[in-house]
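Peer 1: Make a model of this:
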Amino acid sequence: METDRYRGESARGRWGLLGAIALLVLLPACSLESLAVDSMASALAGAGGVYASDEDPELVRDALPFALKTYETLLVEAPENVDLLTAACRGFTQYAAGYVEPDAERAEVEDWEQAEALRARALKLYLRARDYCLRGLEVDVAGISERLALAPREAAAGLRPAQIERVYWTGAAWGAAISIGLDRPELVVDLPAVEALMERALELEPAWDDGSIHEAMIRLEALPEAMGGSPERARYHFERAVELSSGERASPYVAYATTVSVGAGRRQEFVELLRTALAIDPDVRPESRLANLLAQRQARFLLEHVDDYFLPDEGSP
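Peer 2: As a prediction, this is how the structure comes out:
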């Protein structure tokens, strides 16, 4: 009897062990897939530095669309991966700002319709970027998108230092969309949300990314005074952006020249700022090499077309 009971208990033990092993094998099947997607997503999200330091802007132009669609593919499987949502927001914004919008500006010289089509595409890319960042903010703060529309400053006040990157890129993408669509009331009505996000970013970490927030503020403050802009504040943010980047980034000079200098009709200042941008060595700051090369490309184009932005000097043909 003892032997039979022992055999029964042994059999039950074996079946219990086999059941546990089967459960261990089956359970990780889903979790491992999720873990693999999250790991791949986080790895891809952190690859931005590889692009930022590249010395070949056209190579990056060709590679970025594939990377962006990869982000979107992974987001289907990991829709709340904050790193991936932030990377998608950042990537679409940078692609539109670095390539599509400048293409529109260059096309305007010879083909107005093509320029308008490119601007429309840039607008869609900026809005797609904005939506990814808002999704990222929603992961931490449910309902913030709606609150930003209704009470932007109160909504932004609840954002925390750990969210600084998403706060900045949400404001940058959203603001860029508005700057293209100033003739669209449905976009301009969101300007207070952009201002609230950027002001909150400045409160959280004013020196973030070597002055990127101040650089974004140049464009906001360059808006007409009726829309809340201020030439004095724009100048302050320009000087802070240059200071925080040790004068080694070309983009603040281009941003100030194309907004404030053009708006005020200061042709000589425009030229001097762009020449300063071109004098910067892109290799001094490898992490900003691509951004510097793209800003300098824009500076060269602008210098070649100064007369498109200003009345000719007195006595000029």
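Peer 1: got a list of what Leu75 touches?
Peer 2: 41, 81, 84-85, 88, 132 (C-beta atoms under 8 Å, 6 or more residues apart in numbering). No exception for glycine: its C-beta is placed from N, CA and C like everyone else's.
Peer 1: what stretches of the stretch 1-150 of the chain score poorly on pLDDT?
Peer 2: Along the stretch 1-150 of the chain, segments meeting pLDDT under 70 span 1-48.
Peer 1: so the residue nearest the centre of the chain is in which element?
Peer 2: The residue lying closest to the centre of the chain (C-alpha atoms, centre = their mean) is Arg90, at 3.1 Å. Per DSSP states H and E, Arg90 falls inside helix 82-95.
Peer 1: How about the residue nearest to the centre of the chain, nearest residue that isn't a chain neighbour?
Peer 2: Nearest residue to Arg90 in three dimensions, chain neighbours excluded: Trp169, at 5.1 Å (C-beta to C-beta, 6 or more residues apart in numbering).
Peer 1: Buried residues, the helix or strand containing that neighbour. List them.
Peer 2: Under the criterion of DSSP H and E, Trp169 resides in helix 164-180. Across helix 164-180, burial judged by 16 or more other C-beta atoms under 10 Å covers 164-180.
Peer 1: One more: stretch 178-187?
Peer 2: 178-181, 187.
Peer 1: ok, Ser288 - contacts?
Peer 2: 52, 210, 245, 248-249, 282.
Peer 1: most neighbours, which of the residues you listed?
Peer 2: Counting neighbours by other C-beta atoms under 10 Å, Arg249 comes out on top of these with 25 neighbours.
Peer 1: Check what pLDDT Leu182 gets.
Peer 2: For Leu182, the model assigns a pLDDT of 86.
Peer 1: Same question for Glu225.
Peer 2: 89.
Peer 1: Count the residues that sit near it.
Peer 2: With other C-beta under 10 Å as criterion, Glu225 counts 9.
Peer 1: Quick check: it vs Pro252, distance?
Peer 2: For Glu225, the distance to Pro252 equals 22 Å [C-beta to C-beta, to the nearest Å].
Peer 1: now Trp208
Peer 2: Counting by C-beta to C-beta, the separation of Trp208 from Pro252 is 14 Å.
Peer 1: returning to what we had before: quick one: contacts for the residue nearest to Arg90?
Peer 2: Trp169 touches 86, 89-90, 93, 129, 133, counting by C-beta under 8 Å, 6+ apart.
Peer 1: Please list the residues outside the strand or helix carrying Tyr236 that contact it.
Peer 2: Using DSSP H and E, the element containing Tyr236 is helix 231-244. Defining contact as C-beta under 8 Å, 6+ apart, one finds that helix 231-244 is touched by 206-207, 210-212, 214-215, 217-218, 221-222, 249, 252-253, 255-256, 259-260, 263-264.
Peer 1: How is Leu159 assigned, secondary-structure-wise?
Peer 2: Look at Leu159: counting by DSSP: H, G, I helix; E, B strand; the rest coil, its state is coil.
Peer 1: and it, how many residues sit next to it?
Peer 2: Count around Leu159 with other C-beta under 10 Å applied: 23.
Peer 1: which non-adjacent residue is nearest Cys229?
Peer 2: That one is not Cys; residue 229 is Gly. Computed as C-beta to C-beta, 6+ apart, the closest residue to Gly229 that is not its neighbour in sequence is Leu223, at 3.6 Å.
Peer 1: Show me which of the contacts of Leu75 is closest to Leu148.
Peer 2: Nearest to Leu148 out of the contacts of Leu75 is Tyr132 (C-beta to C-beta; 15.0 Å).
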